[in-house]
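Chemist: Coordinates for the following, if possible.
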Amino acid sequence: MRAILGLLATLLVLSACGGAPAAGTTTSSGSAPTGGAAATTPVIIAWLPNESGADLKDAREALGAVVSETLGRPVEHRTTTDYIIAVETVANNNAHLAWFGAEAYVQARDKNPSVVPLVIPSGADGTLNSAVYYSWLAVPRGQEGNYQEGGVYKLDNIQGKRFSFVSNSSTSGFRVPSATIVKYFGTMEQWKNIKADDLLEGGPNNFFADVQFGGSHQGAAVNMLSGKVDVASFCDVCVQNYVSLVEGTANQVGAVYRVNDDASEPFDKFPGAEFVVIASVPVLNAPFVANGTMLTADEIKRLQEAMTSDAVANNPQIFATKEVLDAGYKSLFRKTDAERFLVVEDSFFDPIRALR
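Modeler: Prediction:
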């Protein structure tokens, strides 16, 4: 197991999420001061499918309130069912802000160099050093023995299985796991020429027997829980509101998670279902991004100052405390110690570019 974890840890990279075909958007409005044309023009925040659910409405609006107060403008939340649409919304100057994974950010910036990182959430110690989440490969409980040899988890037997990614726009739901798989199997004669793009389609002559895309991390997990696929890739933070650790160590190979009895959609059909993590790779946290074509340099600076403030770091509607979570609040970020937002430069995401 130590060898496998060592292999996976070499792929320490960047942040979050993905998307798939079938698209749509919904909106909701925040409040802000009224005034002239500039003051009444809404700031549009685009959200990936993972953060677009109704259960996260209050968390989205808590962040929207900070933006509205800082810029003196109303906020419109543009939720999506497709990652590609979210990326295009920002790249095509139809959204001012978004929260993207590193891969989606890089794709948006490739299309529009005016797209820049705004802030990222820190790790528990309040620094960039621990600013990571995890990309998992997971299987239904009861099937984990198929991916062990002598009690040690190995990737070998994922070949030929039915597999679910999130989207090819996802960092932890495609870019990281595909790089992990290519690195591992590329040392074998049969797969020495394998590339990430070879993993996008299944079939008798392909690496996987079948490939599905969940459209969100939640969707990929449900593909596995429902039996549509044997193995799925998704991230820990994207399912943290729906599952609980019941055995092992969080984010370590062999950890067992159970769907909460009161889990909301799309997990509500699988209360009590359990799955096992067979691979876990650390990934640098996801950035909020800003569109420099639609926001001025001064507005971006003001947003960075506001979002990195102590007031935001200590706002339990943004960095949710245990008490708030225990009361049923669904959060985007959690406060376990000194978590806060930090400013980073575009070069911070160069490691994800190196995986492409």
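Chemist: The protein - how does it break down into domains?
Modeler: What automatic domain parsing lists as the domains of the chain is 2-15+130-284, 25-128+286-348.
Chemist: wait, which of these is closest to L355?
Modeler: Nearest to L355, of all these, is domain 2-15+130-284, at 4.6 Å by C-beta to C-beta. Every residue, glycine included, has its C-beta placed from N, CA and C.
Chemist: ok so, going back, now the domains of the chain as TSV including distance to L355?
Modeler: Below are the domains of the chain laid out as TSV (distance: least, C-beta to C-beta, whole Å):
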stretch	distance to L355
domain 2-15+130-284	5
domain 25-128+286-348	8
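Chemist: Which among those domains is found nearest to A354?
Modeler: Closest among the domains of the chain, using C-beta to C-beta: domain 2-15+130-284, at 8.3 Å.
Chemist: what about that closest one, average pLDDT?
Modeler: Domain 2-15+130-284 carries an average pLDDT of 92.
Chemist: Would you confirm that W99 contacts N50?
Modeler: No: counting by C-beta atoms under 8 Å, W99 does not reach N50; the two are 9.4 Å apart.
Chemist: higher neighbour count, these two?
Modeler: Ranked by neighbour count (other C-beta atoms under 10 Å), W99 and N50 place N50 first, with 32 against 27.
Chemist: Quick check: the more buried one vs G202, distance?
Modeler: Separation of N50 from G202 (C-beta to C-beta, to the nearest Å) stands at 24 Å.
Chemist: does I120 sit in a helix or strand, and which one?
Modeler: Using DSSP states H and E, I120 falls within strand 115-121.
Chemist: which residues of the stretch 1-150 of the chain score low on pLDDT?
Modeler: 1-38 (pLDDT under 70).
Chemist: could you pull out the helices for it?
Modeler: Taking DSSP state H, counting those that start in this stretch, the helices of the stretch 1-150 of the chain run over residues 2-9, 37-40, 57-71, 83-91, 102-111.
Chemist: Do I have it right that P121 meets A338?
Modeler: No: the pair P121 / A338 is not scored as a contact, 11.4 Å apart, by C-beta under 8 Å.
Chemist: Between these two, tell me which one has more neighbours.
Modeler: Each of P121 and A338 has its neighbours counted (other C-beta under 10 Å); P121 has more, 24 against 14.
Chemist: What separation do you get for the more buried one and G150?
Modeler: P121 sits at a distance of 39 Å from G150 (criterion: C-beta to C-beta).
Chemist: just to revisit the earlier point, please name every helix or strand in contact with the strand holding I120.
Modeler: Applying 3 or more C-beta pairs under 8 Å, 6 or more residues apart in numbering; DSSP states H and E, one finds that strand 115-121 contacts helix 102-111, strand 288-291, helix 297-307, strand 341-342.
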